[in-house]
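Enquirer: from the sequence below, what's the structure:
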Amino acid sequence: MARKDIGTGWNRENRNAINDNFVELFTEYIAAGLNASEAKQKALDALNISEQAKQTADSAESTANLVQTQLDQVTGASTIDPAVEQMKVGSDGTIYNSPDERVRTEHQSVVSQLAQIVINAKYPPAPLLGLVGNDDLGDNAKLQSILDNYSNVFVPKGDYSFSETLKMQPFTKLVLEGNYTRYNDGVSKIARLKITTN
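Expert: Numbering: from 1, shown residues only. Purely as a prediction, here's the structure:
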């Protein structure tokens, strides 16, 4: 805005200068008002956009909380523990639904593998005691204990005495080394089993 000097007299030139000053002031006033209205509208638009962004953020937070609640219900924990996730992975790389499922499945696998192992009745795994032979009356309980724990049992050659019936689980295999002879001394109820390599 160019300021015009107005003299003391009210001549045409001074009146025109006053008029020009008012026109210029009015134009700038109107322009400032328009700029202020435009700025106000832009501020209102920005406020609306920020409110929409807040609503979107609140919705996302609500969804995240719902998903976390569902995960907590599935896993039974308040947070996902990396150690629990690692416990779900088997030694062969199989991923199980839970650590419990992995333990049960792998335990059954080990039990199945152990069932295939043939146990020597003279040298069973600890704490079981092995057969002695030579008419040891304790062999009956020792062999029964082995048969209770294993389904594949090998009895090496020897002279064994059994005073009670041996009970075997279904599918149990009792393998005797070489030839065997079952006999009774005719006096006691002790059955004798002689296993030879002939």
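
Enquirer: what's the spatially most central residue of the chain in contact with, if anything?
Expert: Residue closest to the average C-alpha location in the chain (CA atoms, centre = their mean): Glu85, at 3.3 Å. When the contact criterion is CB atoms under 8 Å, 6 or more residues apart in numbering, Glu85 has no partners at all. C-betas here are computed from N, CA, C, even on glycine.

Enquirer: figure out the helix or strand that it lives in.
Expert: helix 82-87 (DSSP states H and E).

Enquirer: after that helix, next one along is what?
Expert: Next in sequence after helix 82-87, counting helices and strands by DSSP H and E, comes helix 99-116.

Enquirer: quick one: mean pLDDT for that following helix?
Expert: In this model, helix 99-116 has a mean pLDDT of 78.

Enquirer: list of residues touching it?
Expert: The contact list for helix 99-116 (CB under 8 Å, 6+ apart) reads 84, 87-91, 94, 96, 150-152.

Enquirer: can you rerun that using 6 Å?
Expert: Residues outside helix 99-116 that contact it (CB atoms under 6 Å, 6 or more residues apart in numbering) are 87-88, 90, 96, 151.

Enquirer: got the end-to-end distance for stretch 157-170?
Expert: The first and final residues of stretch 157-170 sit 24 Å from each other (CA to CA, to the nearest Å).

Enquirer: one step back: just the buried ones out of the contacts of helix 99-116, please.
Expert: Among the contacts of helix 99-116, those classed as buried by 16 or more other CB atoms under 10 Å are 96, 151.
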